[in-house]
Each structure stands twice: as C-alpha cells, then as structure tokens.
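[1] Structure, please.
(chains A and B)
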Amino acid sequence: MSLVREPVHQGRLKTPFYPRVEKLDTVNQWHEWKGYSSPDALYCSEMEYFAIRNGTAVFDLSPMTKYRITGPDALDFLNRLVTRDMAKVKPGRVAYAVWCDDQGQVIDDGTIFHLREGEYRLCSQQRHFAWFQAAAIGFDVSIVHETEDIAALAVQGPTSFSVLNNMGIQGLDALRPFGLMHVDFQGAEMMVSRTGFTADLGYELWMDPVKALDLWDALFEAGKLHKIRAIGTEALELARIEAGYLAPYEEFLPADETIRTGRSRSPFELGLGWLVDFKKPNFNGRRALAEEKRNGSKWQLVKLDIDGNKAAHHSYIFAKEKGNKDEIGFVTSAAWSPVCKQNIAIGTVLAPHGKPGDTVWVEVYYQREMHWNRAMAKARIVDKPFWFPPRRGATPPGPY
Amino acid sequence: MTDSYDAIVVGAGHNGLVCAALLARAGKRVLVLEANEQVGGAAITREFADGYSVSACAHLLYQLQPEVRKDLKLSPRLASEDMTTIALCADARPIRLSAGSVEGVADKDAEQYRRFRKRMTRFSDLLRKFFNKPPPRLGTKDFKDLFTLGQLGLDMRMLGREEMQEFLRLIGMNIHDEVTERFENPLLRGAISLDAVLGTHLGPRSPNTILTYLYRLAGDHGRAAIPAGGMGSVSNELAHAARNAGVTIRTAMPVKRIVIDNGRATGVETVSGEQFDSLMVISNADPRTTVLNLIGAKYAETGFARRITHLRAKGNAAKLHLALDGLPAIKGLSKKDYAERIVIAPDENYVERAFNPAKYGESSPDPVIEITFPSFCDETLAPTGKHVMSAVVQYAPYALKGGWNEAAKAEFMQTIISTLSEYMPDIGQRITASELLTPADIESEFHISGGHWHHAELTLDQFLFVRPVNGAAQYRLPIDGVYLCGAGTHPGGGVSGAAGRNAARTILKREKAA
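    Here you go, the predicted structure:
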C-alpha cells in the first residue's frame, strides 16, 4: 500500500468553460460562487452590460446549483416542496418557484425544468440537498446533485436568437418563454431553454461538460456578426435589477440561515403571492402562509423609480421628506439603469406602505471628494419591471 | 360505511383511556380504537405459559398520578406496595433500600442516603407539579403559558438559593458522579444507578441520568407497587371508567391511517377498511408511528417531519418472564423478601459496563436485572405452589447487530440465566416455561416504534418544553385536529396517566377558548 495519497483538489474549482473564459479575461477580477471561480468582469462591466441589451451576452452559469429529481413521486415531492402547483407545469416547460420552511419563510427561489415526463431539474443559487432530503421523507423520489455533471451557459440579448439559429439549432423559433427543448449538438444531446436572469430575449444551454469547449467555440463562431461577448457577474447583476428579479442575500436571506426573528421573508412579503397556491392540499409552509394571508404581512417588496441620478445603495426609505424620524424600510438593490435612463432600486418597506403609485422618500448618501453628502430623493413605487421589452416574449423572436 | 365522533383516540393504552374517559366526561362522543385484542397497550396482564400470567410489559406501578386517580375515581387493588429494593451481591449480604432509608450499609452511607433522598425528593416534588400541567410554550405572549413558566421559575427559587443552584447543577448531570461522590457501598451505588437508567438507552455516566432518577421518584416518591391481577387490572379499571363515561372502545381494530384532508384531520381508516369520521384524532401511539406511519411524513411540514425522524426512541430494555415450579433460592434472602423488588446491579461500573456493548449494537454479557415475583403475593397469576418471575433486563439494544433473530434471543436468554444463576443457583432447574421480549418484540407486539418504554428517550433535549419535539410539546401536532396523548409527550412513560390527562385538559381548554 502506498503512503502517498491521491492529491485532493483544494481551492476553487474551474468550470468546464474556464479555459475559454480565462482567455478572454483582461482584468483578473474573480469571485467565488459555490466553490467555483466566476468572473466579476472580463474587460469592462459597462460594456459587458450593453452586450446583454444590444447584442448577445454569454455568461457561464455552470456553478449554478442543479438537482435532478426523478422517481414515481417526483411531482408529488415537488408539490410538497414548493408553493406553486407543479402539476400545471407540463413536460417541456420551466417554472420559477420558491420553497419555504415550516414557518412559511422563503428558503430560496429557483427554476424547475420539467425535462421529460416525471423528470425534473431544479436550479438554485444555494445548495439545499439536506432540506430536499428531509422534504423527501415518505416519497419515492430520487434527488441527485448534478451541478458538476452539467455545463451551462446563459446566452442573452436581442441577437441571441439569431446566434443560436446560425449555430444550426432547429425549432428555436417555436420555443416560447419558459419553454425548453432537447436538440442535437455535434452528436450529443443539448437542452435549450428560453429562460434567463435578464428579462430580455435569451436562452440557456445545458449539456454534458465533455462538449463544453466545442459548444463555446461553435457559439462564438456563430455570433461573430452579432456582437457576441462573454460577460461577468457585475453586468448580469445590473440587468437583474432592471428585470426586478430577486437575489438571495440581497432581497431576502435564506430562512434557514437567519438567526434573528423577523429577518426572513415570506413569499407574500417578496411580492410572490402569485406563486402560492392554496388549492394544493399540502406544501411546506402552507399553514403559516394561510395565517399570514388572513392576518396580513409585515413587509412589502417594492420597486422604486427615484429622482436624480445617484444610485440609492443601502438607503433608508421614509414615508415623508421631513418631520418623520422613523424609516419605513430600506433599499436592497440599487442602480442607475442605462437602458431605462432611470435611477432604480428594489427595497423592502413595512406594510401597508408600498402600494404601487405611492410616493416615498429615499435618503441617498454620496461622496464628493472625501466628503459625504446626503439628499432626500423622491421616489415612486412602480408595479411593472423596469425593463420588460416586447422582444422578450415575441415568438418567433425577431431576427435582430 | 362511516361513523362520526367528536374525538377518536388511536390506541387504548392507559394514557389513551385516561384521555378518552376525561373527554367523554366533558360530554364528547369518543371512540377508542385498539389494535390488540386487549385494552391497556403496554399495561396489560397476559398468559405467557399454560396457567402462568404476568404483566406483559410494565410490571411496577410507581407513578399513577393522584390527580388521575381522583378525576376518574380509581382505586387499583395492590398485591404488594411500598416495596423495598433489595440489591443482591454474589458474595456478600444484600442491602435493602426504601424511600427514606437503607439497611446493610455503614452508618456514614446510611446518613448520606437519608440526606440524598431528602434532597432528591424535594427536587422530584418540584418536577411532579409540572407533570400534571401541559408544558408552557416558550416565546409566547399567552398569559397561561407565561404564568406556568413563571411558576416554574418561582418554585425553583422557593427551594432557596443554595438548593436552587444545586438543582440547576444536578439536573443535567450523570448519576455516576453523584453516587461515587456520596456513597462508599458499591451495592448502594449500583442500585441507585440502576434506578436512574432503567428503561432508557443511557448508562450511569450518560448526561442527565439524575433527571431520569428524579423522574422515577416523581411518582410516589419512588415507591413501587404491584397491582393485584397484574398491570392489566389497572387498564381494565380505566377502560371501565371510560365506558361508564360513555366511551366506545373497539379492540382488534388496528388503525391504518389518520385521514388528512387539506391540512386537517377528518377521521381515521382502519386496516379492515372501516372509516370513522372525526375532526379530532388523538394518537396514543408514539410520535414516530403517529407522524411517519399513521399520518405520513408527506402531510407534515418538512422541518417537523425531520425532527420526528430524528427523535431518539430506541429501546434498550428486555422483558423476561419465567414460569417456575417453585421459588428459587436466593442467597441472603428470607421468604418474605420475595414480595420485594430485587435488583442485580452490584456496582455503578457494572451498570456502565453492561451499557457499553449496547452502544455498539450488542447485548450485555453481564446484564443489569430488576426482578419481581408477582405470584408471591397474587395467587391468581400461577397455579398453586408455582410461581412467575417478571424481570426487566438491560441492556438489549433495539438495533442489535444482525437483528433479534431466534439465535440472538436464545443466546441472550442463556446470558440472563447464567447471570441469574450466580445469585439463584437453582433457577435453571426451576424454569418450566419462559418468554423473552426484546425491544423488537415490544415494538411489534405493542406497536411502539423502537420498543422504548417512554416512546421517546427521556433526555433534556426531549423533555418538558421540547417533548417529543419542538412544535408538538403541547399535545398538539402542527396539523389541525391531530393530538398526541402517549408516553412520547410530556411528562413521559410509566403508568402515570399524566400525559393522557394533560392532553384531555389541553383539548378541552382549547375548545373553550375557540
């Protein structure tokens, strides 16, 4: 027996696309995402952002946590896990969903892909294997963590359809938002879904890591004339705020990680009441959510359109401009939106504040040559996502 | 065909009967469904060999609460009461322990024992007060709960500063440290250690075995009794009281499931396919059986189901019944001593060593044994001149490596007989029939998941506010209409009736408030 053991990999993991992404990288700015290296930016996050809105942006989402859920009770299990009715999500469709703890507080959100009859993939930012195992007690279901087994790319932007079409993917014109299909890529099966984190026309590609580099090369070859660009997380984050999507650790903390009471959020408090289906006889958090529905929620998620051009990072929100010492909430994500030409933010306020159309005041701090300035900026609570272009939903998509 | 009731109690264990009787007396239409032919659950008398009967599981009555006796006007006839504990020694004279004194030890130990019992009795009295109240919820604004909680604090403070500190110091401690600190006589140390661990998966060095000792005292100051006709007579008296109050009891009716519709109970379905409707289902079964088998984990919240799955409830005590053609000779004992409780636990390390293999799924090669001869004071249990021995034998882990097959049982039986022979040389020749119930047998015959007396280990993390688990400690499951009333709830096991009574009172109080 040899005393020399196989070296155990330590440090950050590299995604299947790493050799290509690294080649494009000019700023060497990386962060850790669930064990993997993921770029903040590759050359300039503003320019990368414009790839999302004006061309095609390619984002390596391989580190996204993925579980394969199969077995006779797969549907029943998912219906017990998440708040929405998964029976309505037919094969070939994708559903955005949240799952809650016993107290009806959101643990995480994610997307569930109904790959084939009774066969699902659940994707989320965080790992949830222990919770899923617990939720599976009493169900005949298999839950397999498959993050490493699937290489995934987000291909987002107005020209993304044209790029994928150029690549020779058939049938894309009929794929509706939140639809998925299986196609052949160089003899291997690839799953294409019309999903994304940008509220723009866009797709996500999922396949065996063995073909990852071939896929990257084919994609960039096909996108040559369509402004294809690899992007980092910063650009995506800006698009995410424009889309009004939630991010864990920004808009909510996973309920199983909060220590203080009242620091977690229910689906209602996150504006996701539409995802809670009380017609389902039992799902996690149902009792608590029914009670909240009866008694009212404490918090309300809001989207803010703020005067001025100073992004309201971490700002307190007040009901009145003056004479009101008590804040009613705070901003959780903020940005100047280049595409909307708006100073936008997502925040959380105490109910019953936060009705669409209400006016509130945001205390913006900004720095000028070391000195801090404070401004009370007027803000309107808006209902719709800041960015939601018609091209996002057009089927077939336009050939930009 | 369906039949409708105000409340259905699943299981006619003694707690189920107490609960049913109290609900019926409050005007409810109550149905009790029992899987076995006999009522009583683990508190029954049954024939194990031709002409020989015995209390099949629980065999000593310690804790039947005065409140329960009073509420249901019970007066069980006792064959033997205020029993002395005789701790045997293979090569010396035995010692005799009673509630306040011990004989056969040096004066110093005798004085220490008197003081020790006095203090333990004060502490157990404090606990007993809370055994007959539903445990308060923590973090609530409910006045009743806060009041009970405040009272617990106040009662503790009323012990006096020093005694309160002592109580808080001792409650999480192990019995081994306490007995070795106080006593010199090994038999005395062993006998007290045995009292602390009997019926649990704990050894004398395990944490909170002082709590389990106090639990034993919290009934009738640790005074044991044997009901005339065996433990079944107590259950029969309870069933009688329940029927008199209008309860319908149906035996040989195992429940298949508690029907949950839209997050609430609507009745039960029996194995035979009969449906009974009720918006209130009270389970006398253990928490695991109730949630995982009768309800189904999928109908409970995930976190709650997970806690129930993790409930520690693996029994470690076997029950031995011997039919004897005469009383065995026991070294150092006179004739009248056969009416007492006899223990084999020669010292505290013997008990711990007996526990050691059990941690790794093996039975004890030198087991700890609690022995009674119920037929000595009760002629109804055995043919004239013949006798019955009823013994609790530890340790026999539920999850025995390789399982409790016939060979494993025969081997353990051999071990027990050879241990007994050291103290009763002629026991081997006296045996005409025998029965050994391992925790696996107790599980299958009495429908207790894990075969644990207490349905859930009696440890601080499964005690009082968190018994059986957080979210179900007030007899109510987080599923509308489902309640627990068995040993798995506060305060715990033993034929006390406290859990059944507390459950009934909680249910009635809730109804009144609603």
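[2] In contact with B:I258, which residues?
    The contact partners of B:I258, taken as CB atoms under 8 Å, 6 or more residues apart in numbering or on different chains, are B:10, B:265, B:267-268, B:281, B:283, B:290, B:294-295, B:482. (Each C-beta comes from the backbone N, C-alpha and C, glycine too.)
[3] quick one: strands adjacent to the one helix or strand it maps to?
    For B:I258, the host element (DSSP states H and E) is strand B:255-261. Strand B:255-261 pairs in its sheet with strand B:264-270 (antiparallel), by DSSP bridges.
[4] which helices and strands does whichever helix or strand comes after the strand it pairs with pack with?
    Downstream of strand B:264-270, the next assigned helix or strand under DSSP H and E is strand B:275-277. Packing partners of strand B:275-277 (3 or more CB pairs under 8 Å, 6 or more residues apart in numbering or on different chains; DSSP states H and E): strand B:2-4, strand B:264-270.
[5] Identify the residues contacting B:E348.
    Contacts of B:E348 by CB under 8 Å, 6+ apart are B:175-176, B:179-180, B:186, B:189-190, B:192-193, B:204.
[6] brain fart, A:L350
    By CB under 8 Å, 6+ apart, the contact list for A:L350 reads A:298-300, A:328-329.
[7] go on, B:G41?
    B:11-16, B:34, B:57, B:235, B:284, B:446-447.
[8] Filter the contacts of A:L350 down to the buried ones, ChimeraX style.
    Here is the ChimeraX selection string for the buried members of the contacts of A:L350, based on 16 or more other CB atoms under 10 Å in any protein chain shown:
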select /A:299,300,328,329
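[9] helix/strand/coil for the residue in chain B positioned nearest to chain A?
    Nearest residue of chain B to chain A, counting by CB to the nearest CB: B:A297, 3.5 Å away. Secondary structure of B:A297, reduced to three states by DSSP: H, G, I helix; E, B strand; the rest coil: helix.
[10] and the residue lying closest to it once chain neighbours are set aside, how far is that from B:S75?
    The shortest distance from B:A297 to any non-neighbouring residue, by CB to CB, 6 or more residues apart in numbering or on different chains, is to A:G138 (3.5 Å). Using CB to CB, to the nearest Å, one obtains 45 Å as the distance from A:G138 to B:S75.
[11] So between the two, which is more surrounded?
    Each of A:G138 and B:S75 has its neighbours counted (other CB atoms under 10 Å in any protein chain shown); A:G138 has more, 21 against 8.
[12] what's near enough to touch that one?
    B:292, B:296-298, B:305.
[13] is it true that it lies in a strand?
    No - using three-state DSSP, the assignment for A:G138 is coil, not a strand.
[14] how near is it to B:K509?
    A:G138 is 32 Å from B:K509, where distance means CB to CB.
[15] ok so, going back, and the pLDDT at the residue nearest to B:A297?
    pLDDT, A:G138: 93.
[16] and the gap between it and B:R69?
    When A:G138 is compared with B:R69 (using CB to CB), they lie 40 Å apart.
[17] Could you identify the most distant pair in the contacts of A:L350?
    By the measure CB to CB, A:K298 and A:I328 form the most distant pair in the contacts of A:L350, at 11.7 Å.
[18] Over to the closest residue to B:T380 other than its chain neighbours. Which of the three states is it?
    Of all residues not flanking B:T380 in the chain, B:G229 sits nearest, at 5.9 Å (CB to CB, 6+ apart). Classification of B:G229 using three-state DSSP returns coil.
[19] Pretty sure B:L126 sits in a helix.
    Yes - applying three-state DSSP, one finds B:L126 inside a helix.
[20] Helices of the stretch 151-300 of chain B, start to end?
    B:161-170, B:175-182, B:186-197, B:209-217, B:232-244, B:287-288 (DSSP state H, counting those that start in this stretch).
[21] and among those, the most buried is which?
    With neighbours taken as mean count of other CB atoms under 10 Å in any protein chain shown, the helices of the stretch 151-300 of chain B reach their highest mean count in helix B:186-197, at a mean of 27.
[22] Can you give the domain ranges for the chain?
    With no chain named, the answer covers chain A. According to automatic domain parsing, chain A comprises the domains A:18-61+A:150-243, A:65-147, A:298-384.
[23] right idea, wrong chain: chain B
    Taken from automatic domain parsing, chain B resolves into B:2-44+B:231-312+B:455-513, B:97-217, B:313-446.
[24] quick one: the residue of chain A at minimum distance from chain B and B:V368, what's the gap?
    Closest residue of chain A to chain B, CB to the nearest CB: A:G138 (3.5 Å). Separation of A:G138 from B:V368 (CB to CB) stands at 37 Å.
[25] Many thanks, I have nothing further to ask.
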